[in-house]
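Peer 1: Predicted model and sequence below, questions to follow.
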Amino acid sequence: MSDVVAQVEGRIGCITLNRPKALNALSLDMVRSLTQALLAWQSDPQVLAVAIRGTGKEGPFGAFCAGGDIRFFHQAAHAGDASLGDFFTEEYRLNHLIHTYSKPYIAFMDGIVMGGGMGISQGASVRVVTERTKMAMPETHIGLFPDVGGGYFLSRCPGRLGEYLALTGQMLSGAQAVAAKLADIALPSGMMEPIWQTLVSSPFENAESVERWVLAQAGALTPEKLSPQPQIDEVFGLPAVADILSRLESASDEWSQKTAHALRQRSPLMLHVSLEQIRRARQMSLADDLRMERDMVHHCFHLRSVADSETVEGIRALAVDKDHTPQWRPARVEEVDGSEAARFFASPWPSEHHPLRDLT
């Protein structure tokens with residue numbers, strides 16, 4: 001069975017991510033399969049809308065997508081494998097295709113939705129979550145930044161939630177995701193299978209009626225605001241990462257202490273880079289943000305030698321050696337040189353040769 005099952009059922013293009021042992025982490029082949037299906041269906045009059053889900057251990061639903069295949073990133077970086085660059089170029093193209101897709105694209109974000117999983121769901125016209133949804137952009141934990149359009153969609157969360165989620169990698173429940181404007185409707189997980197079956201078996205008249213029907217489902221869970229939102233806005237609106245940490249560490253409340261502790265585990269360099277990314281992206285179109293992120297991810301693997309890359313080291317500690325003690329350089333936020341963080345935003349390509357130059 002393929003890692004991506006794409007077939008037309010009734011009037012719906014159905015996609016099931018089918019790599020449950022890897023929590024449906026995206027490989028380059030999976031990115032290509034998704035792109036191929038979406039491009040084919042875009043011009044197919046039989047297909048009114050697209051629905052995407054992930055397979056969990058028990059069958060369809062229960063896990064959506066845990067992100068990109070980070071073990072592959074680690075191996076490819078060490079091997080000098082050019083397909084690493086291809087992966088990000090093609091993944092970001094796919095993210096753009098989803099955001100600009102001409103037909104309704106309905107993402108059933110049940111279970112884990114992280115990193116690359118957000119990239120293939122945030123551009124959906126309907127984003128469905130459940131009580132089992134665990135949503136996050138945890139890239140600073142592996143010395144990366146929230147890519148796949150993360151600058152674009154996180155910066156559009158209410159207040160300074162985008163900075164908070166980008167830097168801490170804080171996990172959201174389905175109900176919290178709706179309040180954060182990262183999902184449209186939260187439904188009980190038990191409704192996923194019946195909704196999917198009704199989608200593929202109903203004689204919908206047009207694309208709009210498909211979208212309307214999903215959004216009108218009764219039994220939606222109440223959105224749940226992240227607390228403490230006023231504190232998040234105040235602290236994560238401060239000018240620099242050092243200011244944010246200083247404010248958190250001088251406070252005695254539990255939220256401040258926990259948040260400071262989480263930030264101290266992350267790559268100090270990539271905290272600086274991610275904060276700048278979210279703030280730049282707030283004024284950018286999606287295409288410009290993806291071009292910026294393509295520049296940034298190139299630098300994650302090429303600005304320093306492979307042995308000194310924060311990303312390679314972060315993946316090593318989490319997924320390869322699993323010692324969970326990354327040796328960040330520098331080790332503390334206060335020691336980061338602003339000029340090094342700034343280098344992530346200089347494009348390694350002239351604009352006419354940028355790998356994503358034609359995105360609009």
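Peer 2: Nice, thanks for sending it over.

Peer 1: C-alpha from now on. contacts and neighbour counts both.
Peer 2: Fine.

Peer 1: What segments of the stretch 1-150 of the chain are helices?
Peer 2: Taking DSSP state H, counting those that start in this stretch, the helices of the stretch 1-150 of the chain run over residues 28-42, 70-79, 83-99, 116-119, 150-155.

Peer 1: Output the contacting helices and strands for the third one.
Peer 2: It stands for helix 83-99. On a contact count with 3 or more C-alpha pairs under 8 Å, 6 or more residues apart in numbering; DSSP states H and E, helix 83-99 meets helix 28-42, helix 70-79, helix 286-302.

Peer 1: Just say which of the ones you listed is most tucked in.
Peer 2: helix 286-302 (a mean of 22; mean count of other C-alpha atoms under 10 Å).

Peer 1: ok, and what's touching the helix or strand bottoming out on mean pLDDT in the chain?
Peer 2: Across the helices and strands of the chain, the lowest-confidence element by mean pLDDT, DSSP states H and E is strand 59-60, at a mean of 92. Residues from elsewhere that reach strand 59-60, judged by C-alpha atoms under 8 Å, 6 or more residues apart in numbering: 16, 53, 54.

Peer 1: Run me through the strand neighbours of it, direction for each.
Peer 2: Strand pairing for strand 59-60, determined by DSSP bridges: strand 49-56 (antiparallel).

Peer 1: Compute the distance from the centre of the partner strand to the centre of its chain.
Peer 2: Strand 49-56 sits 16 Å away from the centroid of its parent chain (C-alpha atoms, centre = their mean, to the nearest Å).

Peer 1: tilt between it and helix 28-42?
Peer 2: 150 degrees (axes from the mean of the first three to the mean of the last three C-alpha atoms, to 10 degrees).

Peer 1: what's strand 49-56 in contact with?
Peer 2: 11-20, 23-24, 60-65, 103-110, 207, 210.

Peer 1: Now the spatially closest residue to residue 327 that is not a sequence neighbour: which helix or strand?
Peer 2: Residue nearest to residue 327 in three dimensions, not counting chain neighbours: residue 313, with 7.0 Å by C-alpha to C-alpha, 6 or more residues apart in numbering. Residue 313 is part of helix 310-315, with elements assigned from DSSP states H and E.

Peer 1: For that helix, name the packing helices and strands.
Peer 2: Going by 3+ C-alpha pairs under 8 Å, 6+ apart, helix 310-315 lies up against helix 70-79, helix 286-302.

Peer 1: okay, now residue 102: neighbour count?
Peer 2: Residues lying near residue 102 (other C-alpha atoms under 10 Å) number 15.

Peer 1: ok, and the closest non-adjacent residue to it?
Peer 2: residue 42 (6.8 Å).

Peer 1: got it, and residue 91?
Peer 2: Counting by C-alpha to C-alpha, 6+ apart, the residue nearest residue 91 is residue 31, at 6.0 Å.

Peer 1: Ok, residue 9 next?
Peer 2: The nearest residue in space to residue 9 (C-alpha to C-alpha, 6+ apart) is residue 200, at 5.4 Å.
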